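# Next come a sequence and a model predicted from it.
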Amino acid sequence: MFPKPSDGFGWVQVAGGHALVCEALAVPHLFTTRSWALGSASEADRPAAWDLVGRSLGSDAGSLCRAHQVHGASVIVRRMSEPPCGSQPLEQADIIISDDPSRVLAIQTADCVPLLVADRRTGVVAAAHAGWKGMAAGVPRKTIEALACEFGSRPSDLVVVAGPSVGACCYEVGVEVRDAFAQGGFTEALLPHWFFAAPQPTAGNPSMPGLPAQRRADHWFFDGWSATRHQLEEAGIPASQIHSAALCTASHPEIWCSYRRGGKTAGRMAAAIRAASPRPSPCSRDGRRAR
Ligand SMILES: [Zn+2]
């Protein structure tokens, strides 16, 4: 029933339901499925549905940090010294970063690319939401830059994991999407790598019903997975430290929520992550450097 994951991903079952995880992240995290309370459109805005996400990663409700997502590229920084996220109204942003292991960072998607990032050296983490607007606005690159600016992360230490999202098997887009990338500084030479004249199904991701076999005038089939990877590599992330579920939300409506497929009846999925506890000091208790 569940599509076979690859690239280090695997299925787990926790209190909220089934979820995907990727072992490369090495910090607590998960990508939820439609089986969670959030996966029902009527439940997706209820606090109890989100509390379950926080609890599944070992934090209480007040420790869940979310954003009012607006398909932009603004960043929220949540440091250890700040008040609990649950006590604050949601700010407009699509990227959340933190060094605090007592908080769970979470974004919601229903076709857009959910990105989770962990710094293997310092333990700081990020959760980001990138639909085509966010991608054209540089969300993957800006997430890496924010971790560098705020917490001193080096791209060579970061692991980036992209969860399930709509693929080029199903995602027909209009000329405004291609134009947004051109205006976002992506060259005409790059665009043919991400915009295709026909759907790009695979054995694991069949095209959803009703798609035209060839693109209509001023339409393309968009590969957001490759566009995301390109930005991450340009930002200095080694290719071997970028992992993609490569599973399409619209191809598997029984597993994931897809706005493209379900419209307003689609629920939501969460991508959530918690920072690692600070590394032990290399100094011994009496202050001398450990041998
Ligand atoms: Zn698909």
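Received, thanks.
# switch to C-alpha atoms for all contacts and neighbour counts from now on
Fine.
# A strand includes Trp11, no?
Yes - counting by DSSP: H, G, I helix; E, B strand; the rest coil, Trp11 is part of a strand.
# Now it. Nearest residue, chain neighbours left out?
Once flanking residues are discounted, Trp11 sits nearest to Leu20: 4.8 Å by C-alpha to C-alpha, 6 or more residues apart in numbering.
# isn't that neighbour right next to Ser6, touching?
No - using C-alpha atoms under 8 Å as the test, Leu20 is too far from Ser6 to be in contact (10.8 Å).
# higher neighbour count, these two?
Leu20 (20 against 13; other C-alpha atoms under 10 Å).
# how close does the more buried one sit to Gln13?
9 Å (C-alpha to C-alpha, to the nearest Å).
# So which residues on the chain come close to the ion?
The interface of the chain toward the ion, taken as C-alpha under 5 Å from the ion, is made up of Gly167, Cys169, Cys170, Ser207, Cys248, Ala250, Ser251.
# Show me what the longest helix seen in the chain packs onto, helices and strands only.
In the chain, ranked by residue count with DSSP state H as the criterion, the top helix is helix 139-151. Packing partners of helix 139-151 (3 or more C-alpha pairs under 8 Å, 6 or more residues apart in numbering; DSSP states H and E): strand 75-78, strand 95-98, strand 125-130, helix 224-234.
# and after the third one, which helix or strand comes next?
Under the assignment DSSP states H and E, the closest C-terminal helix or strand after strand 125-130 is helix 132-136.
# And that following helix, what's buried?
By 16 or more other C-alpha atoms under 10 Å, the buried positions in helix 132-136 come out as Trp132, Lys133, Gly134, Met135, Ala136.
# helices or strands up against it?
helix 175-183, helix 224-234.
# 6 Å instead?
Judged by 3 or more C-alpha pairs under 6 Å, 6 or more residues apart in numbering; DSSP states H and E, helix 132-136 is in contact with no other helix or strand.
# Give me the contact list for it.
Contact with helix 132-136 is made by His71, Gly72, Ala73, Ala180, Phe181, Gly184, as judged by C-alpha atoms under 6 Å, 6 or more residues apart in numbering.
# so how far is it from its chain's centroid?
13 Å (C-alpha atoms, centre = their mean, to the nearest Å).
# Okay, now the unreliable bits of this protein?
Filtered on pLDDT under 70, the chain yields the residue ranges 279-291.
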